[in-house]
Structure formats: C-alpha cells, structure tokens
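Chemist: Got a predicted model here, sequence first, then my questions.
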Amino acid sequence: MQFIKTIILLYGISIALMYFLSSRRRQPLAFPGDIVIYKAGKTIYIPWASSLLITLVLFIILRSISS
C-alpha cells in the first residue's frame, strides 16, 4: 500500500512541476505522448508521458536513497 501512495504522490508532484514549467514559457516542454492543443490563442497542455517519466525517475531515486 505504501508503494501506491508513493507513486500517486510523485505523480502529483510531477504534474505540478510540468504545469509550472509550461506556464513560464510560450511553448510547453512536451515529450512524445504529451497532449498539446493550441486553439484561439490558448494552450491546453496535458503532460501524460512527461509526468510518468518524472514519476519513475523520482521513484527510482527515492527507492535507492531509502534502501
């Protein structure tokens, strides 16, 4: 159960990080698998792949530190 809580927490942190990075620039930092829609001068950004990638990297780092 601790594993699932950790993954959900890291996923939330990574989504917040990607939204923060995308709000600072005109073009969001998008990996293949992310959804970016430009319509009427507005940008809709859904960081699907990048948030999963950041979650996995953070999980591996935290797992190696705690072991």
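Modeler: Sure, I can see it. Numbering: from 1, shown residues only.

Chemist: Low-confidence bits of the chain, can you list those?
Modeler: 22-29, 67 (pLDDT under 70).

Chemist: most residues in a single helix of it, which one?
Modeler: helix 2-24 (DSSP state H).

Chemist: quick one: buried residues of it?
Modeler: By 16 or more other Cβ atoms under 10 Å, the buried positions in helix 2-24 come out as 6, 10-11, 14-15, 18, 22. In short, each C-beta sits where N, CA and C put it, glycine included.

Chemist: Name the residue closest to the centre of the chain, please.
Modeler: What sits nearest the mean C-alpha location of the chain, by Cα atoms, centre = their mean, is S51, with 2.2 Å.

Chemist: Could you look up the SS state of that residue?
Modeler: helix (DSSP: H, G, I helix; E, B strand; the rest coil).

Chemist: State the distance from the residue lying closest to it once chain neighbours are set aside to I7.
Modeler: Leaving aside its chain neighbours, S51 sits nearest to S14 (4.3 Å; criterion: Cβ to Cβ, 6 or more residues apart in numbering). For S14, the distance to I7 equals 10 Å [Cβ to Cβ, to the nearest Å].

Chemist: In contact with L10, which residues are there?
Modeler: 54-55, 58-59, 62 (Cβ atoms under 8 Å, 6 or more residues apart in numbering).

Chemist: could you redo the last one with a cut-off of 6 Å?
Modeler: 55, 58-59 (Cβ atoms under 6 Å, 6 or more residues apart in numbering).

Chemist: Most neighbours of all those residues, which one?
Modeler: T55 (20 neighbours; other Cβ atoms under 10 Å).

Chemist: I'd assumed I13 was in contact with the residue nearest to the centre of the chain.
Modeler: No. Using Cβ atoms under 6 Å, S51 is not in contact with I13; the gap is 9.1 Å.
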